[in-house]
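Participant: Fold the stuff below for me.
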Amino acid sequence: MRKLWPVLFLLVLPAIGDAVLTREQAAMSLGQTYTANFYAGETAAIWKHMTAQMRDVLGSESGLRAFGNKVEQDVGTEVSVFAERVESVAGYRTYTRHSKFSKFASPIIVSWSFDEEDRIAGFFVRPQQKPAQSPYLDYDTEAYLRLPFEGDWFVFWGGRTVEQNYHAAARDQRFAYDLLVLVNGKSHSGDGKSNEQYYCWGKEILSPGSGTVVTVVSDLPDNPPGVMDPTNPPGNHVILDLGNKEFALLAHLQKGSAGVSEGDEVRPGQFLGHCGNSGNTSEPHLHFHLQDSKRFGKGNGMPVFFSNYLSNGIPVERGEPVRGETISPKR
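Facilitator: Below is the predicted model of the structure:
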(Lines give C-alpha, C1' and ligand atoms only; values in the text may rest on other atoms or scores of the structure.)
Protein backbone atom coordinates (compact mmCIF):
# COMPACT_ATOMS: atom_id res chain seq x y z
CA MET A 1 0.00 0.00 0.00
CA ARG A 2 2.69 2.43 -0.91
CA LYS A 3 2.34 5.96 -2.15
CA LEU A 4 1.66 6.22 -5.84
CA TRP A 5 2.97 9.59 -6.97
CA PRO A 6 0.71 11.52 -9.35
CA VAL A 7 1.31 10.42 -12.92
CA LEU A 8 3.55 12.83 -14.80
CA PHE A 9 2.69 14.10 -18.26
CA LEU A 10 4.71 14.93 -21.36
CA LEU A 11 7.38 17.55 -20.77
CA VAL A 12 7.67 20.90 -22.54
CA LEU A 13 11.42 20.71 -23.12
CA PRO A 14 13.65 23.58 -21.96
CA ALA A 15 16.45 24.90 -24.15
CA ILE A 16 20.02 25.80 -23.21
CA GLY A 17 21.46 28.07 -25.87
CA ASP A 18 20.65 26.44 -29.18
CA ALA A 19 20.48 22.92 -27.75
CA VAL A 20 17.18 21.37 -26.76
CA LEU A 21 17.45 18.88 -23.92
CA THR A 22 15.82 15.50 -24.20
CA ARG A 23 13.25 14.70 -21.53
CA GLU A 24 15.77 12.47 -19.76
CA GLN A 25 18.54 15.08 -19.88
CA ALA A 26 16.17 17.71 -18.53
CA ALA A 27 15.17 15.44 -15.63
CA MET A 28 18.82 14.68 -14.89
CA SER A 29 19.64 18.39 -14.73
CA LEU A 30 16.62 19.20 -12.57
CA GLY A 31 17.37 16.33 -10.20
CA GLN A 32 20.96 17.42 -9.73
CA THR A 33 19.93 21.03 -9.17
CA TYR A 34 17.23 20.29 -6.61
CA THR A 35 19.48 17.83 -4.78
CA ALA A 36 22.10 20.56 -4.42
CA ASN A 37 19.39 22.98 -3.21
CA PHE A 38 18.19 20.45 -0.66
CA TYR A 39 21.67 19.79 0.71
CA ALA A 40 22.31 23.54 0.97
CA GLY A 41 19.06 24.18 2.83
CA GLU A 42 17.71 26.28 -0.04
CA THR A 43 14.17 25.04 0.48
CA ALA A 44 12.46 28.12 -1.00
CA ALA A 45 13.85 27.25 -4.43
CA ILE A 46 12.38 23.75 -4.08
CA TRP A 47 9.06 24.67 -2.44
CA LYS A 48 7.97 27.09 -5.15
CA HIS A 49 8.34 24.37 -7.79
CA MET A 50 6.39 21.68 -5.94
CA THR A 51 2.91 20.60 -6.96
CA ALA A 52 0.00 21.38 -4.66
CA GLN A 53 -0.24 17.70 -3.74
CA MET A 54 3.42 17.60 -2.70
CA ARG A 55 2.91 20.72 -0.60
CA ASP A 56 -0.07 19.09 1.07
CA VAL A 57 2.06 16.06 1.96
CA LEU A 58 4.87 18.17 3.44
CA GLY A 59 2.61 20.76 5.04
CA SER A 60 4.87 23.78 4.69
CA GLU A 61 8.28 24.95 3.54
CA SER A 62 9.42 24.74 7.15
CA GLY A 63 8.39 21.07 7.09
CA LEU A 64 10.63 20.54 4.08
CA ARG A 65 13.46 22.36 5.86
CA ALA A 66 12.95 20.23 8.97
CA PHE A 67 13.13 17.11 6.82
CA GLY A 68 16.45 18.30 5.38
CA ASN A 69 17.81 18.89 8.88
CA LYS A 70 16.72 15.42 9.95
CA VAL A 71 18.39 13.82 6.94
CA GLU A 72 21.69 15.52 7.81
CA GLN A 73 21.32 14.60 11.48
CA ASP A 74 20.56 10.94 10.75
CA VAL A 75 22.81 10.10 7.80
CA GLY A 76 25.26 13.01 7.59
CA THR A 77 26.40 14.65 4.39
CA GLU A 78 26.89 13.18 0.95
CA VAL A 79 30.43 11.88 0.45
CA SER A 80 30.24 10.35 -3.03
CA VAL A 81 27.75 9.44 -5.76
CA PHE A 82 27.66 5.82 -6.93
CA ALA A 83 25.17 6.21 -9.74
CA GLU A 84 22.54 8.49 -11.28
CA ARG A 85 19.77 7.55 -13.66
CA VAL A 86 16.51 8.81 -15.13
CA GLU A 87 13.57 6.47 -15.63
CA SER A 88 10.55 7.27 -17.75
CA VAL A 89 7.49 5.13 -17.02
CA ALA A 90 3.96 6.01 -18.08
CA GLY A 91 4.97 9.62 -18.59
CA TYR A 92 6.90 9.80 -15.32
CA ARG A 93 10.46 11.09 -15.46
CA THR A 94 12.16 10.17 -12.21
CA TYR A 95 15.72 11.12 -11.32
CA THR A 96 17.34 8.66 -8.90
CA ARG A 97 20.71 9.11 -7.21
CA HIS A 98 22.58 6.46 -5.17
CA SER A 99 25.09 8.00 -2.78
CA LYS A 100 27.38 7.33 0.17
CA PHE A 101 26.74 9.50 3.25
CA SER A 102 29.12 10.24 6.09
CA LYS A 103 27.08 8.72 8.95
CA PHE A 104 25.42 5.77 7.24
CA ALA A 105 26.94 2.49 6.09
CA SER A 106 24.41 1.58 3.40
CA PRO A 107 23.78 3.61 0.23
CA ILE A 108 21.16 6.37 0.37
CA ILE A 109 18.71 6.99 -2.48
CA VAL A 110 17.58 10.50 -3.41
CA SER A 111 14.73 10.63 -5.91
CA TRP A 112 12.79 13.43 -7.66
CA SER A 113 9.86 13.13 -10.08
CA PHE A 114 8.74 15.89 -12.45
CA ASP A 115 5.53 16.78 -14.27
CA GLU A 116 4.94 18.35 -17.68
CA GLU A 117 5.61 21.83 -16.31
CA ASP A 118 8.80 20.71 -14.53
CA ARG A 119 7.06 20.87 -11.15
CA ILE A 120 8.24 18.50 -8.43
CA ALA A 121 5.57 15.82 -8.11
CA GLY A 122 7.55 13.32 -6.04
CA PHE A 123 10.55 13.39 -3.70
CA PHE A 124 12.13 11.07 -1.16
CA VAL A 125 15.41 10.37 0.62
CA ARG A 126 15.79 6.90 2.12
CA PRO A 127 18.25 4.04 2.61
CA GLN A 128 18.54 1.69 -0.33
CA GLN A 129 16.02 -1.07 0.27
CA LYS A 130 16.45 -4.79 -0.25
CA PRO A 131 13.78 -7.31 -1.18
CA ALA A 132 12.23 -8.97 1.85
CA GLN A 133 13.22 -12.55 2.53
CA SER A 134 10.62 -15.00 1.31
CA PRO A 135 10.05 -18.76 1.53
CA TYR A 136 8.20 -18.55 -1.80
CA LEU A 137 10.84 -17.40 -4.29
CA ASP A 138 10.51 -20.67 -6.21
CA TYR A 139 6.78 -21.08 -5.59
CA ASP A 140 4.38 -21.64 -8.49
CA THR A 141 0.84 -20.40 -7.87
CA GLU A 142 -1.59 -23.30 -7.38
CA ALA A 143 -4.80 -21.40 -8.23
CA TYR A 144 -5.77 -20.58 -11.77
CA LEU A 145 -5.66 -16.77 -11.92
CA ARG A 146 -7.06 -14.47 -14.56
CA LEU A 147 -6.44 -10.73 -14.53
CA PRO A 148 -8.92 -9.06 -12.11
CA PHE A 149 -10.35 -6.65 -14.71
CA GLU A 150 -11.25 -6.23 -18.35
CA GLY A 151 -9.47 -4.00 -20.83
CA ASP A 152 -5.96 -2.54 -20.77
CA TRP A 153 -4.35 -1.76 -17.42
CA PHE A 154 -0.84 -0.52 -16.71
CA VAL A 155 1.54 -2.14 -14.22
CA PHE A 156 2.75 0.84 -12.22
CA TRP A 157 4.50 -1.25 -9.56
CA GLY A 158 5.18 -4.93 -10.13
CA GLY A 159 8.10 -7.35 -10.18
CA ARG A 160 10.55 -8.98 -7.82
CA THR A 161 13.11 -6.21 -7.37
CA VAL A 162 12.68 -3.02 -5.34
CA GLU A 163 13.51 -1.03 -8.48
CA GLN A 164 10.49 -2.55 -10.22
CA ASN A 165 8.30 -2.72 -7.16
CA TYR A 166 8.47 -0.84 -3.86
CA HIS A 167 6.30 -3.53 -2.30
CA ALA A 168 9.12 -6.07 -2.64
CA ALA A 169 10.72 -4.69 0.53
CA ALA A 170 7.67 -5.70 2.61
CA ARG A 171 7.29 -9.35 3.64
CA ASP A 172 3.50 -9.50 3.31
CA GLN A 173 3.46 -7.61 -0.02
CA ARG A 174 6.61 -9.15 -1.50
CA PHE A 175 5.04 -9.79 -4.94
CA ALA A 176 2.26 -7.17 -4.93
CA TYR A 177 0.93 -5.07 -7.81
CA ASP A 178 -0.34 -1.53 -8.20
CA LEU A 179 -2.40 -1.26 -11.38
CA LEU A 180 -4.06 1.67 -13.13
CA VAL A 181 -5.43 2.76 -16.50
CA LEU A 182 -3.56 5.10 -18.83
CA VAL A 183 -4.86 7.09 -21.79
CA ASN A 184 -2.15 8.71 -23.91
CA GLY A 185 0.35 8.15 -21.11
CA LYS A 186 -1.80 9.83 -18.44
CA SER A 187 -3.73 8.30 -15.55
CA HIS A 188 -6.29 11.11 -15.49
CA SER A 189 -7.84 13.93 -17.47
CA GLY A 190 -7.77 17.57 -16.43
CA ASP A 191 -5.82 18.59 -13.35
CA GLY A 192 -6.26 15.29 -11.51
CA LYS A 193 -7.84 16.90 -8.47
CA SER A 194 -10.99 14.78 -8.45
CA ASN A 195 -11.32 11.00 -8.42
CA GLU A 196 -13.73 11.09 -11.34
CA GLN A 197 -10.93 12.36 -13.60
CA TYR A 198 -8.94 9.13 -13.19
CA TYR A 199 -9.45 6.60 -15.93
CA CYS A 200 -9.52 3.58 -13.60
CA TRP A 201 -12.03 5.17 -11.22
CA GLY A 202 -15.21 3.10 -11.13
CA LYS A 203 -13.85 0.30 -13.32
CA GLU A 204 -15.17 -3.14 -12.39
CA ILE A 205 -12.79 -5.23 -10.30
CA LEU A 206 -13.29 -8.94 -10.88
CA SER A 207 -12.46 -12.11 -9.02
CA PRO A 208 -9.11 -13.47 -10.24
CA GLY A 209 -10.10 -17.05 -9.46
CA SER A 210 -12.49 -19.47 -7.79
CA GLY A 211 -12.73 -19.19 -4.04
CA THR A 212 -14.55 -18.11 -0.92
CA VAL A 213 -14.91 -14.53 0.29
CA VAL A 214 -13.36 -14.29 3.77
CA THR A 215 -13.24 -10.50 4.25
CA VAL A 216 -15.23 -7.57 2.85
CA VAL A 217 -14.72 -3.93 3.88
CA SER A 218 -16.87 -1.42 1.99
CA ASP A 219 -17.74 1.49 4.31
CA LEU A 220 -14.56 3.58 4.26
CA PRO A 221 -14.53 6.93 2.43
CA ASP A 222 -12.69 7.52 -0.81
CA ASN A 223 -9.86 10.02 -0.42
CA PRO A 224 -9.44 13.11 -2.59
CA PRO A 225 -6.36 12.58 -4.78
CA GLY A 226 -3.20 13.35 -2.83
CA VAL A 227 -4.82 12.66 0.57
CA MET A 228 -3.99 9.31 2.18
CA ASP A 229 -5.44 7.24 5.02
CA PRO A 230 -2.53 5.38 6.70
CA THR A 231 -4.79 4.16 9.51
CA ASN A 232 -6.65 1.92 7.03
CA PRO A 233 -3.93 0.82 4.55
CA PRO A 234 -6.02 -1.39 2.21
CA GLY A 235 -9.10 0.80 2.43
CA ASN A 236 -12.20 -0.94 1.14
CA HIS A 237 -11.10 -4.39 0.11
CA VAL A 238 -11.97 -8.02 -0.49
CA ILE A 239 -9.92 -11.04 0.58
CA LEU A 240 -10.55 -14.37 -1.16
CA ASP A 241 -9.57 -17.85 -0.02
CA LEU A 242 -8.41 -19.52 -3.23
CA GLY A 243 -7.54 -22.83 -1.54
CA ASN A 244 -4.10 -24.36 -0.93
CA LYS A 245 -3.39 -21.61 1.63
CA GLU A 246 -3.45 -18.94 -1.10
CA PHE A 247 -5.38 -15.78 -0.29
CA ALA A 248 -5.96 -12.88 -2.72
CA LEU A 249 -6.28 -9.26 -1.57
CA LEU A 250 -7.92 -6.65 -3.83
CA ALA A 251 -7.67 -3.20 -2.25
CA HIS A 252 -8.64 0.49 -2.55
CA LEU A 253 -12.19 -0.20 -3.76
CA GLN A 254 -14.89 2.47 -3.91
CA LYS A 255 -17.01 3.02 -0.83
CA GLY A 256 -20.19 0.96 -0.90
CA SER A 257 -19.31 -0.81 -4.14
CA ALA A 258 -18.67 -4.34 -2.87
CA GLY A 259 -20.76 -6.87 -4.80
CA VAL A 260 -20.05 -9.85 -2.55
CA SER A 261 -20.44 -10.79 1.11
CA GLU A 262 -18.31 -12.82 3.47
CA GLY A 263 -18.92 -16.52 2.91
CA ASP A 264 -19.90 -16.13 -0.76
CA GLU A 265 -18.44 -18.56 -3.29
CA VAL A 266 -17.04 -16.75 -6.32
CA ARG A 267 -15.90 -17.77 -9.76
CA PRO A 268 -13.24 -16.25 -12.04
CA GLY A 269 -14.43 -12.97 -13.54
CA GLN A 270 -17.22 -12.40 -11.01
CA PHE A 271 -17.78 -8.76 -10.01
CA LEU A 272 -16.26 -7.83 -6.63
CA GLY A 273 -16.46 -4.04 -6.54
CA HIS A 274 -15.47 -0.82 -8.28
CA CYS A 275 -11.95 0.62 -8.39
CA GLY A 276 -11.71 3.48 -5.90
CA ASN A 277 -9.31 5.56 -3.84
CA SER A 278 -9.82 4.42 -0.25
CA GLY A 279 -7.06 3.64 2.21
CA ASN A 280 -3.36 4.51 2.06
CA THR A 281 -3.26 5.63 -1.54
CA SER A 282 -2.69 8.98 -3.23
CA GLU A 283 -4.69 8.28 -6.39
CA PRO A 284 -7.23 5.73 -7.65
CA HIS A 285 -5.72 2.36 -8.53
CA LEU A 286 -6.03 -1.34 -7.77
CA HIS A 287 -3.64 -3.00 -5.33
CA PHE A 288 -3.49 -6.78 -5.74
CA HIS A 289 -1.42 -9.44 -4.04
CA LEU A 290 -1.43 -13.02 -2.83
CA GLN A 291 -0.51 -14.02 0.71
CA ASP A 292 -0.47 -17.16 2.85
CA SER A 293 -2.73 -15.66 5.54
CA LYS A 294 -6.39 -14.65 5.44
CA ARG A 295 -5.60 -11.50 7.45
CA PHE A 296 -4.14 -8.38 5.88
CA GLY A 297 -0.62 -7.58 7.07
CA LYS A 298 0.00 -11.09 8.33
CA GLY A 299 1.99 -13.89 6.78
CA ASN A 300 4.08 -13.84 3.63
CA GLY A 301 3.40 -12.52 0.18
CA MET A 302 3.27 -15.11 -2.60
CA PRO A 303 4.13 -14.97 -6.32
CA VAL A 304 1.28 -14.20 -8.70
CA PHE A 305 1.18 -16.15 -11.95
CA PHE A 306 -1.65 -15.02 -14.22
CA SER A 307 -2.89 -17.12 -17.14
CA ASN A 308 -3.99 -16.24 -20.68
CA TYR A 309 -3.33 -12.52 -20.95
CA LEU A 310 -1.71 -10.01 -23.26
CA SER A 311 1.42 -8.09 -22.27
CA ASN A 312 2.08 -5.10 -24.51
CA GLY A 313 -0.07 -6.88 -27.09
CA ILE A 314 1.88 -10.17 -26.93
CA PRO A 315 0.02 -13.31 -25.76
CA VAL A 316 1.25 -14.82 -22.49
CA GLU A 317 0.04 -18.27 -21.51
CA ARG A 318 1.26 -17.91 -17.92
CA GLY A 319 3.48 -15.28 -16.37
CA GLU A 320 4.27 -12.55 -13.86
CA PRO A 321 3.73 -9.02 -15.23
CA VAL A 322 6.33 -6.40 -14.31
CA ARG A 323 6.48 -2.62 -14.04
CA GLY A 324 5.94 -0.83 -17.33
CA GLU A 325 3.79 -3.49 -19.01
CA THR A 326 0.27 -2.87 -20.32
CA ILE A 327 -1.77 -6.00 -19.65
CA SER A 328 -5.25 -7.21 -20.57
CA PRO A 329 -7.14 -10.52 -20.56
CA LYS A 330 -6.72 -12.54 -23.76
CA ARG A 331 -9.97 -13.22 -25.57
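
Participant: pLDDT weak spots in the stretch 51-200 of the chain?
Facilitator: Scanning the stretch 51-200 of the chain for pLDDT under 70 picks out 90-91.

Participant: got the buried residues for stretch 196-211?
Facilitator: For stretch 196-211, the neighbour count (16 or more other CB atoms under 10 Å) marks 197-201, 203-211 as buried. Using the backbone N, CA and C atoms, a C-beta is placed for each residue, glycine as well.

Participant: Generate TSV for those, with distance to residue 128 and secondary structure as supplementary columns.
Facilitator: Output for these, formatted as TSV (distance: CB to CB, whole Å; DSSP: H, G, I helix; E, B strand; the rest coil):
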residue	distance to residue 128	secondary structure
197	35	helix
198	31	strand
199	33	coil
200	31	coil
201	34	coil
203	35	coil
204	38	strand
205	33	strand
206	37	strand
207	37	coil
208	32	coil
209	35	coil
210	40	coil
211	37	strand
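
Participant: farthest-separated two in those residues?
Facilitator: Spatially, the most separated pair among the buried residues of stretch 196-211 is 197 and 210, at 35.0 Å (CB to CB).

Participant: would you turn the buried residues of stretch 196-211 into TSV with distance to residue 239?
Facilitator: Output for the buried residues of stretch 196-211, formatted as TSV (distance: CB to CB, whole Å):
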residue	distance to residue 239
197	29
198	24
199	26
200	21
201	22
203	20
204	18
205	13
206	15
207	12
208	12
209	13
210	15
211	10
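
Participant: Let me know the closest of these to residue 168.
Facilitator: Of those, the one sitting nearest to residue 168 (CB to CB) turns out to be residue 208, at 20.0 Å.

Participant: Contacts for stretch 47-55 next, please.
Facilitator: By CB atoms under 8 Å, 6 or more residues apart in numbering, the residues outside stretch 47-55 that reach it are 6, 34, 58, 61, 64, 115, 118-123, 225-226, 282.

Participant: What's the ChimeraX syntax to select whichever of those are buried?
Facilitator: Only the buried entries of the contacts of stretch 47-55 go into this ChimeraX selection, using 16+ other CB under 10 Å:
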select :6,34,58,64,115,118,119,120,121,122,123,225,226,282
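
Participant: which other helices and strands contact the helix ranked longest in the chain?
Facilitator: The single longest helix within the chain, with elements called by DSSP state H, is helix 23-39. Under the contact criterion of 3 or more CB pairs under 8 Å, 6 or more residues apart in numbering; DSSP states H and E, helix 23-39 touches helix 43-47, strand 78-89, strand 92-101, strand 104-114, strand 120-127.

Participant: Of all these, which one comes closest to residue 187?
Facilitator: Relative to residue 187, the nearest member of the helices and strands packed on helix 23-39 by CB to CB is strand 92-101, separated by 10.0 Å.

Participant: how far does that closest one sit from the chain's center?
Facilitator: Relative to its chain's centre, strand 92-101 lies at 17 Å (CA atoms, centre = their mean, to the nearest Å).

Participant: can you check stretch 192-201 too?
Facilitator: Its chain's average C-alpha position is 16 Å from that of stretch 192-201, according to CA atoms, centre = their mean.

Participant: what comes into contact with it?
Facilitator: Residues outside stretch 192-201 that contact it (CB under 8 Å, 6+ apart): 6-7, 153, 179-183, 186-191, 202, 222, 224-226, 254, 275-277, 283-286.
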